[in-house]
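Trainee: Starting from these lines, generate the structure:
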Amino acid sequence: MKILLGKKSSDWQKDVVQLRQASLSVSSNIMPLAIEFLNALSQEIFKNPEYKKYPDLISLAFWLRKANLLALVKQHLVTSAPNTYLRPRGLVLHFTPSNVDTMFLYSWAIGLLTGNQNILRLSNRRGRVAEILLELCDYLLKNASEYASILNYNMFVEYEHNEHVTAYLSQHCDVRVIWGGDTSVQAIRHVPIPAHAVEAVFANRFSLCMIKADALVEVSQQDNRLSAIIEGFVNDAFWFDQQGCSSPRAIIWFGDEATVLQAQNYFWPAVRQLVEERFPDLLTTLSYPVQRFTFLAKVAAENKGRLLGKIDDFPLRIEAQSLDAGLRSEHPGLGCFYEMRIDSLTSVASLLQRKDQTLTSFGFSQSELNDIAMQACGIDRIVPFGKALAFSPLWDGYNLFHTMSRLVVVES
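Mentor: Numbering: from 1, shown residues only. Below you'll find the predicted structure:
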């Protein structure tokens with residue numbers, strides 16, 4: 001066990017027990033300080049011009065602004081029922097993912113804002129952005145005396161997969177939050193938590209986008225509007241190398257065959273051009289010929305789709321016959337997209353499955369999107385282009401503010 005941030009004594013197990021026993025009345029009053037600290041972290045990110053090359057870091061900095069945090073607290077930590085109060089649950093144990101460097105900070109921020117003590121297990125495969133955040137947190141917590149109490153109530157750790165360590169941490173938690181792939185999630189969920197504890201699980205998900213073809217054709221002659229649409233899609237798909245749970249991997253085209261073809265002829269060349277300008281490295285890092293060939297061979301062998309174009313095209317497009325669970329689980333990312341055409345909105349609901357998370361959309365009315373949400377058994381978010389990766393405390397069907405809080409009712 002390596003302690004990355006927090007109290008570093010010679011006995012980490014004793015530190016965990018002390019966190020568990022920490023007074024809730026002390027931690028529940030930490031919200032104003034937590035907001036000031038998170039806002040200070042935001043300012044540290046903004047003032048360093050080097051960080052502008054990390055768009056996910058800049059998005060996090062916007063989310064951590066004091067005005068946004070106050071709005072979130074007002075929205076999610078105030079109850080409308082009389083004589084009811086949201087209180088901290090106690091100790092939140094976060095298992096954070098390796099594929100999205102900023103996610104541990106979002107998870108921790110909500111743990112802080114709800115007044116809890118927190119233990120975060122970070123992946124040893126974390127990237128540069130996660131290291132930047134750890135360095136900034138370490139600097140603020142150790143060099144600003146007003147934040148010392150935050151350091152006392154939180155611990156960031158790193159360890160190789162070890163069921164005994166996971167079990168020790170889990171037996172002391174009041175909330176366990178697991179971010180990761182299905183295999184990692186199942187391994188951790190095998191480890192019990194106290195009977196009173198609650199758990200939020202964020203496992204593998206699949207995301208899609210939906211485009212109304214005639215609306216795209218209409219804006220294709222308006223350079224500014226089309227550029228904004230393409231930029232939103234490219235950011236959604238490629239900020240995390242198409243590995244984020246909300247990164248779209250399939251495109252549903254709505255319209256007749258001729259209009260869809262016309263829209264595709266505007267859409268894909270513009271996507272390619274923007275990727276070349278904004279993410280030139282992606283054309284090599286995502287174009288793995290062996291993985292692509294293996295993936296396409298499997299799709300073809302199972303008669304589930306056909307290649308549109310050539311195997312070395314970027315993006316790689318596959319016309320899918322369906323979007324069954326097998327196609328979803330086998331999708332490798334790598335700049336590959338399934339495509340389907342539909343001519344009825346009722347078909348969308350039947351395409352969506354329970355493991356589907358985010359549906360980004362363009363060209364549809366609010367009432368049309370509402371109908372899809374009410375009819376579909378799957379999908380947790382429907383958002384416009386450019387918003388797929390925008391973090392919200394409402395995630396995968398959970399309200400994380402509520403998950404990390406307990407509702408207290410007082411009657412006289």
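Trainee: who's in contact with stretch 314-323?
Mentor: Counting contacts by C-beta atoms under 8 Å, 6 or more residues apart in numbering, the residues outside stretch 314-323 that touch it are 208, 250, 268, 271-272, 275, 282-283, 286-287, 292, 296, 299, 303-309, 327, 334-340, 351, 353. To be clear about C-beta, it is placed using only N, CA and C from the backbone, and glycine gets the same treatment.
Trainee: again, but for stretch 375-387
Mentor: Applying C-beta under 8 Å, 6+ apart, the set of residues contacting stretch 375-387 from outside is 209, 228-229, 231-233, 235-236, 246, 346, 348-349, 352-362, 369, 372-373, 390, 392, 394-397.
Trainee: Stretch 124-137 too?
Mentor: Taking C-beta under 8 Å, 6+ apart as the criterion, the residues outside stretch 124-137 that touch it are 4-5, 41, 44-45, 51, 54, 56-57, 60, 98, 101-102, 104-105, 122, 156, 158, 160.
Trainee: Residue 38 and residue 112 touch, don't they?
Mentor: Yes: with the criterion set as C-beta atoms under 8 Å, residue 38 and residue 112 qualify as a contacting pair; they are 7.0 Å apart.
Trainee: Which SSE is immediately downstream of the helix or strand bottoming out on mean pLDDT in the chain?
Mentor: The helix or strand of the chain with the lowest confidence, counting by mean pLDDT, DSSP states H and E, is helix 24-28 at a mean of 51. Toward the C-terminal end, the helix or strand that comes next after helix 24-28 (DSSP states H and E) is helix 31-46.
Trainee: by contact count, what packs against that following helix?
Mentor: Using 3 or more C-beta pairs under 8 Å, 6 or more residues apart in numbering; DSSP states H and E as the contact test, the elements touching helix 31-46 are helix 55-63, helix 66-76, helix 103-113, helix 128-143, helix 148-152.
Trainee: okay, the angle between that helix and helix 55-63?
Mentor: Computed by axes from the mean of the first three to the mean of the last three C-alpha atoms, to 10 degrees, the angle separating helix 31-46 from helix 55-63 equals 140 degrees.
Trainee: Identify the residues contacting helix 31-46?
Mentor: For helix 31-46, the external contacting residues (C-beta under 8 Å, 6+ apart) are 51, 57-58, 60-62, 64-66, 69-70, 73, 109, 112-115, 133, 136-137, 139-141, 144, 146-147, 149-150.
Trainee: tell me the most buried of the helices and strands packed on helix 31-46?
Mentor: Highest mean neighbour count of the helices and strands packed on helix 31-46: helix 103-113, a mean of 24 (counted as mean count of other C-beta atoms under 10 Å).
Trainee: Mark out where each domain of the chain begins and ends.
Mentor: Under the assignment automatic domain parsing, the domains of the chain span 2-204+396-409, 206-384.
Trainee: and the end-to-end length of the first one?
Mentor: With C-alpha to C-alpha, to the nearest Å as the measure, domain 2-204+396-409 spans 40 Å from end to end.
Trainee: could you redo the helices and strands packed on helix 31-46 as TSV and give each row distance to residue 259 and mean pLDDT?
Mentor: Formatted as TSV, the helices and strands packed on helix 31-46 follow (distance: least, C-beta to C-beta, whole Å; pLDDT from 0 to 100):
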stretch	distance to residue 259	mean pLDDT
helix 55-63	33	94
helix 66-76	40	96
helix 103-113	38	97
helix 128-143	40	94
helix 148-152	55	87
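Trainee: For residue 195, which of these is the nearest?
Mentor: Taking C-beta to C-beta, helix 103-113 is the member of the helices and strands packed on helix 31-46 nearest to residue 195, at 21.3 Å.
Trainee: For that closest one, which helices and strands make contact with it?
Mentor: Using 3+ C-beta pairs under 8 Å, 6+ apart as the contact criterion, the elements in contact with helix 103-113 are helix 31-46, helix 55-63, helix 66-76, strand 91-95, strand 117-121, helix 128-143, strand 175-179, helix 400-403.
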